[in-house]
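Q: Give me a model of this one.
(2 chains)
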Amino acid sequence: MSDSADERSMLPYIIGATVLFFLGVFGTTYLPFFDDQMQAPNENAEIRNYSLDSAEYRGREVYIREGCHTCHTMYVRPVLADSSLGPISQPSDYYYEAPAMLGSKRTGADLMWVGNRWNEDWHREHLLNPQKMLPGSIMPRYDYLSDEDLENLVAYLMSLKPSPQSEGRPVD
Amino acid sequence: MSVKTEIDPFRPAKIYFYSSLFWLGAGLTYGLILSLKFIWPNFLAYGPLQIILQYGRIRPIHTNIVLFGWLTMANVGALFYIIPKLCRNRLSFPRLAYGSAFIWNAVVFAGTVVLTLGYTTTTEYAEWPLWIDIIVVLMFGAIAFICFATIANRNEKQLYVSLWYFMGSLIWLIGLYIIGNLPYKMLSGVPQFLIFWFYGHNVIGLWFTTVGVGILYYLLPLLTKNPLYSHKLSLIGFWTIATFYVWNGPHHLQNGPIPLWLMKAGVIPSVMLIIPVWSVLANVFGTLKGKWHAVPHNVPLMFVVVGSIFYLITCLQGPFHSLQGPSSVIKFSDWVPGHAHLPLFGAFSFIAFAMMYYAIPKIIDHDIHSKKLMGAHFWFSVVGMFLFAFSTWTAGVLEGLAWIEGAQYGMQFVEMLVGMRPLFIIRAIAGALMLVGQMIFVVNLAVTIGKARNAQKGQENSA
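A: Numbering: from 1, shown residues only, chains lettered A, B, ... in the order given. This is a model prediction of the structure:
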């Protein structure tokens, strides 16, 4: 009978639901801030800590505006599927990254270290017409970007290189 | 004229339901355009449309419209209908409830415009900018306030299962929406990304899922005309989902730059989620006992049964993906959108369809116009969902395996993509079927509503 008495009050549900929720919030969103690995930036983070008036910073804003992150990750894992993408990502690489754009979908290739793969001219041509550079590509054409936006975006992509410090880092 | 003073107590539910139908059509249209861009990347890339319908801009528009325009509005409509029914009273603050629907429509519209213009926070399912988020939280607050006030003033002593789920969902929704939408320049790095996925995962699990399960528990006895199989099971289901779901965010960073303890903290609760889904399924099958013969003749019941099976598949997939091994193959691939559509379209949209087929005739006092069209809606939706799941899961596994073989960037990556084209085509066909099904749904309801209006007018004239 105590069972049905419980079912009559809203309070146990309200309190229970709230407490259990905040336990999970604490564990999965708050505690991680205090993990050692999250505490300090490394050289890669410094490279990506663009000053507000730099071309790279403005390029990153274009990257966000155009939604490049909906098709591209920046997230190299210690797994075979990522073995030729470059050094494995570490928390400290992203120290200054806001918003963090690790991504969730690889419709196109991972761009964590894309600055190592191609040169400026390739990127420019590729953004203007991906199908021309790589026939069969399904990346949209970004030929509508202003020259300034395009140059800034290329500068941003070229800045996505690992620092010499990450040279020794395992790649698979 | 004195007859008119009594306003319809279900007006708020009605306007939420009707609005959600518009967003359902809009959201699925965006989805179809996206799927066609996988086949023809320059699809509709003419003049200003090239920018307005650019993939990177409309992908978040698709997700936000279906989540907050369609399913959230359908859910709120259901709350405003079911809660007074279960409490045997009337909805508190009906004017506020009615007015909130207009604001909510304006919010979804503004969000769509803003995303089209390229303003985004990049947080998945929370791309709307801060000023919209503030309105959203106030709206959720108002909706929760209305619902809790109605429950507090109830004339029925018992709190039926559905009400537990609704109360939990409303609390969780507000909490997780605030946490997920903290100003994005305030935080940074991996911890911020963890917050993004705390939000992305839980908005599904602690709002869409839990409201959907609440609706399911409401509909099940009514549609089958059997008493609910087991209250104990539903109690277990509620407390296990409340305990474990919220811990699942980190599994979205599996194999990623997070500490090992956190990866584990994400996996274990994912596996535990089998308990709540099992409790729901056991209740569905238990309640249906002796009534299976009725299922094929009852479209809302078919949606409920198939929807709960899709829910089961989702929840079996979830723990599987959260493991390191499977995650290393399918993470980031097209498997992921396949998985995401399963609960949101396959399970909880199906339950919302059943809800509307059940509630709208009661609200407007008129039977659904066509049973045939209801059946067509069901089959288009189910076949669409199956094809979508088949094509994305297959593509996902093949992509993952191609990456393992080294097709990770450049021309090799493109060769892999070219190989996926047939599957992308199947996915677009699936999208088209889903959209056609929903158009049938909307037309059928619109005709029903029109007929009800005419009947009412006829009555007034003869009176």
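
Q: quick one: residue B:108 and residue B:65 touch, right?
A: Yes - at 6.5 Å, residue B:108 counts as touching residue B:65 under the criterion of CB atoms under 8 Å. In this view, the C-beta of every residue, glycine as well, is placed from N, C-alpha and C.

Q: Report the spatially closest residue to the residue of chain A found nearest chain B, excluding sequence-adjacent ones.
A: Here chain A gets closest to chain B at one residue, residue A:67, 2.4 Å apart by CB to the nearest CB. Residue nearest to residue A:67 in three dimensions, not counting chain neighbours: residue B:56, with 2.4 Å by CB to CB, 6 or more residues apart in numbering or on different chains.

Q: and that neighbour, how many neighbours does it have?
A: When neighbours are defined as other CB atoms under 10 Å in any protein chain shown, residue B:56 has 22 of them.

Q: got a list of what it touches?
A: Each residue near residue B:56 by CB atoms under 8 Å, 6 or more residues apart in numbering or on different chains is listed here: A:66-71, A:140.

Q: Go again with 6 Å.
A: By CB atoms under 6 Å, 6 or more residues apart in numbering or on different chains, residue B:56 lies in contact with A:66-68, A:70.

Q: Highest neighbour count among the residues you listed?
A: Each of these was scored by neighbours using other CB under 10 Å; the highest score is residue A:68's, at 26 neighbours.

Q: Phi, psi for residue 128 please.
A: Picking chain A for this. Note on residue A:128: backbone dihedrals following degrees, to the nearest 10 are phi -70, psi -40.

Q: Check what pLDDT it gets.
A: We have a pLDDT of 97 for residue A:128.

Q: doesn't residue A:144 make contact with it?
A: No - Residue A:128 is beyond contact range of residue A:144, at 9.7 Å (criterion: CB atoms under 6 Å).

Q: if we can go back for a sec, could you grab the helix/strand/coil label for the residue nearest to residue A:67?
A: Following DSSP: H, G, I helix; E, B strand; the rest coil, residue B:56 is assigned to helix.

Q: on that earlier part again, quick check, pLDDT for the residue of chain A closest to chain B.
A: As predicted, residue A:67 sits at a pLDDT of 96.

Q: domains of chain A?
A: A:1-34, A:40-168 (automatic domain parsing).

Q: mind showing which ranges of chain A have poor pLDDT?
A: The model of chain A has pLDDT under 70 over residues A:1-7, A:167-172.

Q: repeat that with 80
A: Judged by pLDDT under 80, chain A has its weakly predicted residues at A:1-8, A:36-37, A:165-172.

Q: and residue A:90, what is it in contact with?
A: Taking CB under 6 Å, 6+ apart as the contact definition, residue A:90 lies against residue B:257.

Q: nope, residue B:183 is what I was after
A: Going by CB under 6 Å, 6+ apart, residue B:183 touches residue B:130.

Q: for it, phi and psi?
A: Phi and psi for residue B:183, reported as degrees, to the nearest 10, are phi -50, psi 130.

Q: repeat for residue A:107
A: The phi and psi values for residue A:107, taken as degrees, to the nearest 10, are phi -70, psi -40.

Q: hang on, isn't it packed against residue A:71?
A: Yes - counting by CB under 6 Å, residue A:107 touches residue A:71, with 3.9 Å between them.

Q: Who has more neighbours out of the two?
A: Ranked by neighbour count (other CB under 10 Å), residue A:107 and residue A:71 place residue A:107 first, with 22 against 19.

Q: For residue B:334, see how far away that one is.
A: Residue A:107 is 8 Å from residue B:334, where distance means CB to CB, to the nearest Å.

Q: With residue B:32 instead?
A: From residue B:32 across to residue B:334, the span is 16 Å (CB to CB).

Q: And whichever strand or helix holds residue B:303, what does it pack against?
A: If you go by DSSP states H and E, residue B:303 is part of helix B:299-322. Applying 3 or more CB pairs under 6 Å, 6 or more residues apart in numbering or on different chains; DSSP states H and E, one finds that helix B:299-322 contacts helix B:209-224, helix B:260-272, helix B:274-288, helix B:348-364, helix B:371-404.

Q: Give me the buried positions along it.
A: Going by neighbour count (16 or more other CB atoms under 10 Å in any protein chain shown), the buried part of helix B:299-322 is B:299-315, B:317-319, B:321-322.

Q: what do you get for stretch A:143-160?
A: Buried residues in stretch A:143-160, defined by neighbour count with 16+ other CB under 10 Å: A:144-145, A:149-160.

Q: How about stretch B:169-185?
A: Buried residues in stretch B:169-185, defined by neighbour count with 16+ other CB under 10 Å: B:169-177, B:179-182, B:184.

Q: can you list the weak-confidence ranges in chain B?
A: Where chain B drops to pLDDT under 80, the residues are B:1-7, B:184-185, B:264-266, B:460-463.

Q: from it, which residue is nearest to chain A?
A: In chain B, the residue found nearest to chain A is residue B:56; the distance is 2.4 Å by CB to the nearest CB.

Q: could you pull out the helices for chain A?
A: Ranges of helices in chain A, per DSSP state H, are A:2-6, A:11-25, A:43-47, A:55-65, A:120-128, A:130-133, A:147-158.

Q: Output these in CSV; the columns should cover distance to residue B:197.
A: Below are the helices of chain A laid out as CSV (distance: least, CB to CB, whole Å):
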stretch, distance to residue B:197
helix A:2-6, 34
helix A:11-25, 13
helix A:43-47, 21
helix A:55-65, 18
helix A:120-128, 29
helix A:130-133, 29
helix A:147-158, 24
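
Q: three-state assignment of the closest residue to residue A:104 other than its chain neighbours?
A: Of all residues not flanking residue A:104 in the chain, residue B:124 sits nearest, at 6.3 Å (CB to CB, 6+ apart). Under the three-state scheme (three-state DSSP), residue B:124 adopts coil.

Q: was I right about residue B:124 contacting residue B:200?
A: Yes - the pair residue B:124 / residue B:200 is scored as a contact, 4.7 Å apart, by CB under 6 Å.

Q: neighbour count winner among these two?
A: Taking neighbours as other CB under 10 Å, residue B:124 and residue B:200 compare with residue B:124 leading, 24 against 21.

Q: Mind listing what's buried along stretch B:125-145?
A: Buried residues in stretch B:125-145, counted by 16+ other CB under 10 Å: B:125-129, B:132-133, B:135-136, B:139-140, B:142-144.

Q: where's the helix or strand that residue B:336 is a member of relative to the chain centroid, distance-wise?
A: According to DSSP H and E, residue B:336 maps onto helix B:335-341. Its chain's average C-alpha position is 13 Å from that of helix B:335-341, according to CA atoms, centre = their mean, to the nearest Å.
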